[in-house]
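# after the sequence you'll find the predicted model.
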Amino acid sequence: MTDERMGEALFDAIAKLPKRSGIVFRHYSLGKAKRDALLRRVAIAARRGGHMLTIGGITHGRHRGCITAPVHSIRERIAAERAGARLVFVSPVFATRSHPGARPLGRVRFAMIARGSRVPVIALGGMSKKQAQGLSSFGIYGWAAIGAFIA
């Protein structure tokens, strides 16, 4: 996941991703010209690393035809699957700086949402490699983060 807090650390993070990782480009607050220019740079870095790139609001969102979708409940997960999402981000699993004050799902509620998913589940929210390892018994496909990549 990308956002404005990352600055140039974004490119260090992309370089450190395992091959065939995915990047969800967000940077919603940038003007169109700056966002498009940054997206071009991210696309080059993603291609170089062999990563999939999706774009928030276009290929990542809550609309029919999106490739990935954010979900926070079983109802939202089912709706995303019906809308054609091929991968869902279940969040926030743990407390996160991205959404201060948001009530985290915790392990049990996360497991309830993830269980029975027809598409791969990515854990998001307060995630780190260690946190992801603790969720591996729930059959997660992977994990995503922003803060884990910011020094």
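Right, received. Where do you want to start?
# which other residues reach the longest helix along the chain?
Of all the segments assigned as helix in the chain under DSSP state H, the longest by residue count is helix 32-49. Among residues not part of helix 32-49, those counted as contacts by Cβ atoms under 8 Å, 6 or more residues apart in numbering are 2, 10-11, 14-15, 17, 19, 21, 23, 25, 27, 30, 52-53, 55. (C-beta placed from N, C-alpha, C; glycine too.)
# could you rerun that using 10 Å?
Surrounding helix 32-49, the residues in contact under the criterion Cβ atoms under 10 Å, 6 or more residues apart in numbering are 2, 4, 10-11, 13-23, 25-31, 51-55.
# output the contacting helices and strands for the next helix or strand after it.
Proceeding C-terminally, helix 32-49 gives way to strand 52-55 as the next helix or strand, assigned by DSSP states H and E. Taking 3 or more Cβ pairs under 10 Å, 6 or more residues apart in numbering; DSSP states H and E as the contact definition, the neighbouring helices and strands of strand 52-55 are strand 22-25, helix 32-49.
# can you point out the buried residues in strand 52-55?
53-55 (16 or more other Cβ atoms under 10 Å).
# one step back: pull the CA atoms of the longest helix of the chain into CSV?
Extracted as CSV, the C-alpha positions of helix 32-49 are listed here (Å, rounded to 0.1, in the frame of the first residue of the first chain):
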residue,chain,number,x,y,z
LYS,A,32,-3.6,14.8,-11.0
ALA,A,33,-0.3,15.8,-12.6
LYS,A,34,1.8,14.9,-9.6
ARG,A,35,-0.1,11.7,-9.0
ASP,A,36,0.3,10.6,-12.6
ALA,A,37,4.0,11.4,-12.6
LEU,A,38,4.5,9.4,-9.4
LEU,A,39,2.4,6.6,-10.7
ARG,A,40,4.6,6.3,-13.8
ARG,A,41,7.7,6.1,-11.5
VAL,A,42,6.0,3.5,-9.3
ALA,A,43,4.9,1.5,-12.4
ILE,A,44,8.6,1.4,-13.6
ALA,A,45,9.8,0.2,-10.2
ALA,A,46,7.0,-2.4,-10.0
ARG,A,47,7.8,-3.8,-13.4
ARG,A,48,11.5,-3.9,-12.6
GLY,A,49,10.7,-5.9,-9.4
